[in-house]
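*Asks:* From the sequence below, what's the structure:
(2 chains)
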Number of protein chains: 2
Amino acid sequence: LPDAGSRIAVVGVGLIGGSIALAARERLGAAVTGYDLSAAALEAAIERGALDRPAESVPAAVGDAEAVFVAVPVGSLGDALAQVLAAAPSDCVISDVGSTKRAIVAACEDPRFVGGHPLAGAETSGVEQARADLFDEATWYLTPRPTTSGILYERLHRLLRTLGARPAAIDPETHDAILAIVSHLPHVLANVLVAQAGRVLAAGGERLPATGPSFRDATRVAGSSSAVWTDIYVSNGDAVAAALDRTIDELTAVREALGRGDGEWITTWNEHAADERRRLVEAQLSGGRLSELRASVPNRPGVIAQLALELGRDGVNIADMALYPAPDMSHGVVALWIAGEEQAARAQSRLVGLGFQVVRA
Amino acid sequence: LPDAGSRIAVVGVGLIGGSIALAARERLGAAVTGYDLSAAALEAAIERGALDRPAESVPAAVGDAEAVFVAVPVGSLGDALAQVLAAAPSDCVISDVGSTKRAIVAACEDPRFVGGHPLAGAETSGVEQARADLFDEATWYLTPRPTTSGILYERLHRLLRTLGARPAAIDPETHDAILAIVSHLPHVLANVLVAQAGRVLAAGGERLPATGPSFRDATRVAGSSSAVWTDIYVSNGDAVAAALDRTIDELTAVREALGRGDGEWITTWNEHAADERRRLVEAQLSGGRLSELRASVPNRPGVIAQLALELGRDGVNIADMALYPAPDMSHGVVALWIAGEEQAARAQSRLVGLGFQVVRA
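*Replies:* Below is the predicted model:
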């Protein structure tokens, strides 16, 4: 590997920023600088061993970085990102970790920026909870655009692999629609569940509603940090509202079936859920031996982003990637490692369909 | 201890029945007989080491038992219990493990019967998944009635402690209302979540909606066995419907706030959930040193049930109990072990208020 990401900056050193910093130091031997609006958070990050050097400003943190992670709440992201873009070097890759992606991606066409979102760290917050292994095997969504530098995208992809994550390219609209359902909706439902249990606690005097495993699992994320979550809900408001509409419709149907005492309907509905769960679990278990594909790609903007997005759309998980530019930079070879024979074959035929020359290495 | 429960029968050897059998053999050295309508399940239970002896009928299983657990789906419970009551000895305690309690308790006034419900084993089913430690630290609700034999109630309480559980007396109405919220509602919501994720999977072609920890936690119980759950939903239909009505109301309010982009409302709502979660977690962590209370009780039917129910209503967790009848059986002493100074004091004052003589041992 070239010196990918040996100087890393983290702007915002909470749970996610702190965990990136810890992992980058431990696993990459990177020199990590950090900045946070809160002097107390910065001090805690130093104490936690997450930073080599605290910085007094955004420019001081990112001035000579090779990779920058902006890990601030979604509502502050626009401002923080603008400061980073103004101060970071021209060959520095810049990403964020925000839970919604449409707004920030639409606002930023800089070729150095790749929107990002690791699926990790739901339950806690604060650098005190940061861990170097937080991202192990976690999906880390990336939202490259046609304007994104392919070289910087590849650097970020490899850096995230080193942090333990599985990068997956996705377009911002699909990302936000999916996250509305697999993350924002579960958070809303967890909040509703604890509110109802609280009502039982209040109505029952001192009686504690002893709870089983299903309740504990379903409410682990209830009342997650408002500093983080209000921004998420509001910035993805339309997608979450659509998910809530469908949820309300389905709950109304269940409620009506219960009103009728209609066990047959309930069984059909429950079996459907069992099928869906099986399908989801099977889809997530897809793995297998790594195959290496090598595709020749022209040196034009956006080609790496396009390739990553198309494969992501096909459900192909790029376990690892590497770019080998030709000496005259007119074209290059991108090597892709894909898990599972079936996925590798699908990736190959998709790449051929896109007009790339592909060989199995 | 007297020979409490050294001969145990289990009718229905699925996950729960099988785990009771395993725990009774391992921890109590009990001789366990078992019966199941399914010959295959009975054979699997033998293979799993859960039974000393398979029985060919309910009477053969329970004929000389000191304690019987009827661990069949809620819909078959009435029939199975009637068979057990007809065949079990007069000094045998009989309990069930059904997830809803109003119907079965209303249907059975036999002094030998105590309704029960362990909060454990949500995710799997079948005796293959049975474990001797399934009930460790799990709340095990008991629903004694005034007609319940105090001696048999105490035997069951101690037996459940030996299995690792925390017995807690509760009236059937409160039980069903609480369970509608802490168990049945989370199961409904898990089903709705996977259905929505499945829709994304279908709409996105091959794209798998990579899911984070909150989704995995919230959907672990989706599509649980219909053989078990249809009966539960239907038998607790009114309480689940009421919980769904409140859920739909709250989701509608959230949806409207998102439509307005009302971050302030969202924050207030989320903070409320955070407070409720904190309250629930704190309530569940209440523990502390065990205190022993000894109450003199008259020998009249229902006194032990009353005492257990009153303390349960006050949120007092009876860690352990023992009954010491006077030689002439005119009265007795019940010893109660209560965790935590505050709970012990509350229990003492409640028992005094009920007219019992109480000493702290």
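
*Asks:* how about the residues of the stretch 251-361 of chain A near chain B?
*Replies:* A:251-252, A:254-255, A:258-259, A:261, A:263, A:266-267, A:269-280, A:283-284, A:286, A:312-315, A:346 (Cβ under 8 Å from any Cβ of the partner chain). The C-beta positions use only the backbone N, C-alpha and C, and glycine is treated the same way.

*Asks:* Surely A:Arg102 touches A:Asp171?
*Replies:* No - counting by Cβ atoms under 8 Å, A:Asp171 is not a contact partner of A:Arg102; they are 9.3 Å apart.

*Asks:* Checking my notes, A:Ile94 in a helix, right?
*Replies:* No - judged by DSSP: H, G, I helix; E, B strand; the rest coil, A:Ile94 forms no part of a helix; its state is strand.

*Asks:* Quick check on the residues of the stretch 251-361 of chain A next to chain B: which are buried?
*Replies:* Neighbour-count burial (16 or more other Cβ atoms under 10 Å in any protein chain shown) is assigned, among these, to A:251, A:254-255, A:258, A:263, A:266-267, A:269-270, A:273-274, A:276-277, A:279-280, A:283, A:312-313, A:315, A:346.

*Asks:* Narrow these to those in helices?
*Replies:* A:251, A:254-255, A:258, A:263, A:266-267, A:269-270, A:273-274, A:276-277, A:279-280, A:283, A:312-313, A:346 (DSSP state H).

*Asks:* Let me know how buried A:Ala361 is, in neighbour terms.
*Replies:* Residues lying near A:Ala361 (other Cβ atoms under 10 Å in any protein chain shown) number 9.

*Asks:* can you pull the contacts of the residue lying closest to it once chain neighbours are set aside?
*Replies:* Counting by Cβ to Cβ, 6 or more residues apart in numbering or on different chains, A:Ala361 lies nearest to A:Glu292, which is 4.1 Å off, once chain neighbours are set aside. By Cβ atoms under 8 Å, 6 or more residues apart in numbering or on different chains, A:Glu292 lies in contact with A:335-338, A:360-361.

*Asks:* want to try JSON lines for those residues, with pLDDT as columns?
*Replies:* Below are those laid out as JSON lines (pLDDT from 0 to 100):
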{"residue": "A:Ala335", "pLDDT": "85"}
{"residue": "A:Leu336", "pLDDT": "88"}
{"residue": "A:Trp337", "pLDDT": "84"}
{"residue": "A:Ile338", "pLDDT": "85"}
{"residue": "A:Arg360", "pLDDT": "86"}
{"residue": "A:Ala361", "pLDDT": "75"}
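
*Asks:* mind putting the residues you listed in CSV, secondary structure included?
*Replies:* As requested, the contacts of A:Glu292 are exported to CSV (three-state DSSP):
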residue, secondary structure
A:Ala335, strand
A:Leu336, strand
A:Trp337, strand
A:Ile338, strand
A:Arg360, strand
A:Ala361, coil
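
*Asks:* Just the buried residues from the residues you listed, in PyMOL please.
*Replies:* Here is the PyMOL command that selects the buried residues among the contacts of A:Glu292 (16+ other Cβ under 10 Å):
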select buried, chain A and resi 336+337+338
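
*Asks:* with the contacts of A:Glu292 in mind, which one is nearest to chain B?
*Replies:* Distances from chain B to the contacts of A:Glu292, taken as Cβ to the nearest Cβ, are shortest for A:Ile338 (13.5 Å).

*Asks:* Next one: that closest one from A:Ile318, what distance?
*Replies:* Distance, A:Ile338 to A:Ile318, by Cβ to Cβ, to the nearest Å: 7 Å.

*Asks:* hey, what's in contact with both of these two?
*Replies:* In contact with both A:Ile338 and A:Ile318: no residue, using Cβ under 8 Å, 6+ apart.

*Asks:* Pass me the low-pLDDT residue ranges in chain A, would you?
*Replies:* A:1-5, A:122-124, A:201-213, A:283-288, A:327, A:329 (pLDDT under 70).

*Asks:* hmm, 50 instead?
*Replies:* Scanning chain A for pLDDT under 50 picks out the ranges A:1-2, A:4-5, A:206.

*Asks:* Do a quick rundown of the strands in it.
*Replies:* A:7-11, A:31-35, A:53-54, A:67-70, A:93-96, A:113-118, A:139-143, A:166-169, A:290-298, A:318-325, A:331-339, A:357-360 (DSSP state E).

*Asks:* helices or strands up against the shortest one?
*Replies:* Using 3 or more Cβ pairs under 8 Å, 6 or more residues apart in numbering or on different chains; DSSP states H and E as the contact criterion, the elements in contact with strand A:53-54 are strand A:31-35, helix A:39-47.

*Asks:* Name the surrounding residues that touch the first one.
*Replies:* By that I understand strand A:31-35. A:6-13, A:17, A:21, A:24-25, A:42, A:45, A:50-58, A:60-62, A:65.

*Asks:* same thing but 6 Å
*Replies:* Strand A:31-35 is contacted from outside by A:7-11, A:13, A:21, A:24-25, A:45, A:51-55, A:58, A:61, using Cβ atoms under 6 Å, 6 or more residues apart in numbering or on different chains.

*Asks:* okay, now A:Ala82: neighbour count?
*Replies:* Going by other Cβ under 10 Å, the residues that sit close to A:Ala82 add up to 14.

*Asks:* ugh, wrong one, A:Glu128
*Replies:* 14.

*Asks:* For it, give its distance to B:Arg161.
*Replies:* On the measure of Cβ to Cβ, A:Glu128 and B:Arg161 end up 38 Å apart.

*Asks:* can you check A:Ala120 too?
*Replies:* 40 Å.

*Asks:* The two: who's more crowded?
*Replies:* Each of A:Ala120 and B:Arg161 has its neighbours counted (other Cβ under 10 Å); A:Ala120 has more, 23 against 19.

*Asks:* close enough to count as contact, that one and A:Phe135?
*Replies:* Yes - using Cβ atoms under 6 Å, A:Ala120 is in contact with A:Phe135, at 5.3 Å.

*Asks:* Common neighbours of those two, please.
*Replies:* Joint contacts of A:Ala120 and A:Phe135 (Cβ under 6 Å, 6+ apart) do not exist.

*Asks:* Which residues are in contact with A:Ala168?
*Replies:* A:139, A:141, A:312 are the contacts of A:Ala168 under Cβ under 6 Å, 6+ apart.

*Asks:* Return the closest of those with respect to chain B.
*Replies:* Looking across the contacts of A:Ala168 and measuring by Cβ to the nearest Cβ, the closest to chain B is A:Thr139, at 3.6 Å.

*Asks:* pretty sure A:Leu77 contacts A:Ser99?
*Replies:* No - in this structure A:Leu77 lies outside contact range of A:Ser99 using Cβ under 6 Å: 10.2 Å.
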